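K.L.:
The amino acid sequence is not available; the structure is as follows:
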């Protein structure tokens, strides 16, 4: 798993946890009040119950309002800062990435250009544990360069380069998929991401 993916999952789990807690509290209070204050034979309405033509008296406690406001504000600030930190991590590459790879999307595939001029189509090979900066563009229409297993990517737009960085320590083969509807061959616009041991990568990188 990459550093970005790990932080993304932490943020997702935080959203899910806070959303679940808030949902349980709200629905629980709703059901409690429905049962407790339901209409029953022989039980009169409370004195402050709303009636047509009469303004009901003030009710509630200002302290509860401040507590709820503080809780809601704290939740929103936590989610906001977590989101900002995750986006900044995705958009801010290391100061000195070990390698910069140009990624060109086209109908319907991906071409990868390495610093030494080596080019591949349909397969991107990278060394494990090495920060890599992707400079992503498109040669025709809008595409999106997306790393399926790592849950993030970047738009590939004609005439400009968007940057996103990546690193993982886990050797294996993963999927690159276009996430922007780009024509009849969109569903087949895939490539392989092969993460290799650094020594094996260097042999491949320096070969023909």
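P.N.:
Cool, the structure landed. None of these values were measured; they are calculated from a predicted model.

K.L.:
which residues are contacting stretch 104-122?
P.N.:
Here stretch 104-122 makes contact (Cβ atoms under 8 Å, 6 or more residues apart in numbering) with 99-103, 123-124, 136-141, 143, 145, 156, 176, 178, 182-183, 185-186, 188-189, 191-192, 205. (Each C-beta comes from the backbone N, C-alpha and C, glycine too.)

K.L.:
Equivalent analysis for stretch 49-56, please.
P.N.:
By Cβ under 8 Å, 6+ apart, stretch 49-56 touches residue 48.

K.L.:
What helices and strands are in contact with the one helix or strand residue 199 maps to?
P.N.:
Assigning secondary structure by DSSP states H and E places residue 199 in helix 198-206. Packing contacts for helix 198-206, counted by 3 or more Cβ pairs under 8 Å, 6 or more residues apart in numbering; DSSP states H and E, involve strand 123-127.

K.L.:
contacting residues around the helix holding residue 199?
P.N.:
Outside helix 198-206, the residues touching it (Cβ under 8 Å, 6+ apart) are 114, 116, 118, 125-130, 196.

K.L.:
Pull out the buried positions in that helix.
P.N.:
Within helix 198-206, the residues that qualify as buried are 201, 205, counting by 16 or more other Cβ atoms under 10 Å.

K.L.:
That one relative to strand 123-127, how many degrees between them?
P.N.:
Calculated by axes from the mean of the first three to the mean of the last three Cα atoms, to 10 degrees, helix 198-206 forms an angle of 130 degrees with strand 123-127.

K.L.:
From residue 36, how far out is the residue lying farthest from the centre of the chain?
P.N.:
Centroid-distance maximum for the chain: residue 42 at 55.5 Å, with Cα atoms, centre = their mean. To residue 36, residue 42 is 16 Å away according to Cβ to Cβ, to the nearest Å.
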